[in-house]
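Engineer: just need the structure, nothing else, for what follows:
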Amino acid sequence: MKEATKPAEPEKPEEEDGSSRKNGTGPESWQQQIVDTGSVTTKTRRGNLHCLTIIGQIEGHMTASTATKTTKYEHVMPLLAALEQSDEVDGVLFLLNTVGGDIEAGLGIAELIAGMSKPTASLVLGGSHSIGLPLAVAAKRSFAVPSAAMTIHPVRMSGTVIAAPQTYHYFERLQDRIVDFVTRNSRIEQDRFLSLMLKTGEMAADVGSVVYGEEAVRLGLIDQVGTLSDALDWLYGQVQTR
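Structural biologist: The predicted structure is shown next:
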């Protein structure tokens with residue numbers, strides 16, 4: 001005796017906001033995308049924006065401790081290339097709360113951001129320290145909340161260091177690359193940035209400076225003090241202009 005077949009389930013209707021779980025644009029899909037990649041794409045009548053977080057330590061060629069929150073350059077770099085080419089993304093918002101990390105990995109990500117033709121905006125939340133500063137200024141428009149902090153200090157390296165003149169020359173050239181990038185992508189003058197980097201007396205156990213939201217704008221490092229809504233309004237305005 002044959003059993004009756006199970007009737008096919010009707011397709012789920014679209015959500016009230018016009019999105020559906022099936023097409024991957026609803027809130028549940030956003031949550032899964034955030035879990036998988038730390039980023040999310042939202043589609044609205046004003047345009048389609050991709051939000052990417054750069055948090056914790058910028059991980060380089062060496063894997064960080066499992067207890068450390070990291071931003072992995074091997075994930076971010078291809079994602080940025082894909083966003084630049086995507087017809088479904090009109091602009092990118094970067095949310096920054098990073099302690100810094102690997103210099104070359106950070107500079108590599110920053111150069112990709114600076115080279116994007118689509119509207120990009122960065123928003124510093126909490127802090128964007130050390131190599132996080134080039135990441136903050138790389139976007140076409142940079143924002144910082146009033147409580148944001150940014151640490152500027154000379155190049156440092158942990159581990160075994162060969163005490164030879166060539167080593168210090170390498171440090172100097174690496175530092176020059178950071179200074180050049182920051183001054184090319186912000187309004188601060190090179191001499192002023194170097195004076196902040198080499199300042200003594202402000203940090204108890206280190207050389208350098210810590211600047212906060214409004215001060216960073218006065219110095220020319222950050223374009224504007226603002227919040228999430230300010231960054232989104234600027235991006236949507238650029239999208240509509242394009």
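Engineer: ok, Ser158 - how many residues close by?
Structural biologist: Residues near Ser158, counting by other Cβ atoms under 10 Å, number 5. Where you see a C-beta, it was placed from the backbone N, CA and C, and this is true even at glycine.
Engineer: nope, Tyr170 is what I was after
Structural biologist: 14.
Engineer: same check on His61?
Structural biologist: By other Cβ under 10 Å, the residues close to His61 number 9.
Engineer: so who does it touch?
Structural biologist: Neighbour list for His61: 102, 105 [criterion: Cβ atoms under 8 Å, 6 or more residues apart in numbering].
Engineer: where in this protein is pLDDT low?
Structural biologist: For the chain, the stretches flagged by pLDDT under 70 are 1-38, 159, 204.
Engineer: so which elements touch the strand ranked longest in it?
Structural biologist: Determined from DSSP state E, the single longest strand within the chain is strand 47-59. Applying 3 or more Cβ pairs under 8 Å, 6 or more residues apart in numbering; DSSP states H and E, one finds that strand 47-59 contacts strand 39-44, strand 70-72, helix 73-85, strand 91-101, helix 103-114, helix 132-138, helix 228-241.
Engineer: out of those, nearest to Leu198?
Structural biologist: helix 132-138 (14.9 Å; Cβ to Cβ).
Engineer: following element in sequence after the longest helix along the chain, please.
Structural biologist: Ranked by residue count under DSSP state H, the longest helix found in the chain is helix 165-184. Counting by DSSP states H and E, the next helix or strand C-terminal to helix 165-184 is helix 190-197.
Engineer: for that following helix, buried residues please.
Structural biologist: 193-194, 196-197 (16 or more other Cβ atoms under 10 Å).
Engineer: and those, which two are the farthest apart?
Structural biologist: Leu194 and Leu196 (7.3 Å).
Engineer: which residue packs closest to Leu194, ignoring adjacent ones?
Structural biologist: Excluding its sequence neighbours, the residue lying closest to Leu194 (Cβ to Cβ, 6 or more residues apart in numbering) is Val179, at 6.3 Å.
Engineer: actually Ser39, not the one I typed
Structural biologist: Leu52 (4.3 Å).
Engineer: distance of that neighbour relative to Arg156?
Structural biologist: Computed with Cβ to Cβ, to the nearest Å, the distance linking Leu52 and Arg156 is 27 Å.
Engineer: more neighbours: these two, which one.
Structural biologist: Shown here are Leu52 and Arg156; by other Cβ under 10 Å, Leu52 has more neighbours (22 against 13).
Engineer: quick check: the more buried one vs Met62, distance?
Structural biologist: Per Cβ to Cβ, Leu52 is found 23 Å from Met62.
Engineer: so what's Leu219 up against?
Structural biologist: Leu219 neighbours (Cβ under 8 Å, 6+ apart): 188, 192, 196, 211.
Engineer: got the CA positions of the longest strand of the chain in PDB?
Structural biologist: Extracted C-alpha coordinates of strand 47-59, given in PDB (Å, rounded to 0.1, in the frame of the first residue of the first chain):
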ATOM      1  CA  GLY A  47      21.000  53.400  -1.500                       C
ATOM      2  CA  ASN A  48      22.800  50.200  -0.600                       C
ATOM      3  CA  LEU A  49      25.500  50.500   2.000                       C
ATOM      4  CA  HIS A  50      28.000  47.900   3.400                       C
ATOM      5  CA  CYS A  51      29.100  48.300   7.000                       C
ATOM      6  CA  LEU A  52      32.400  46.700   7.900                       C
ATOM      7  CA  THR A  53      33.900  46.600  11.400                       C
ATOM      8  CA  ILE A  54      37.700  46.900  12.100                       C
ATOM      9  CA  ILE A  55      38.100  45.900  15.700                       C
ATOM     10  CA  GLY A  56      40.600  44.500  18.200                       C
ATOM     11  CA  GLN A  57      44.100  43.800  16.900                       C
ATOM     12  CA  ILE A  58      45.100  44.100  13.200                       C
ATOM     13  CA  GLU A  59      46.400  40.600  12.600                       C
END
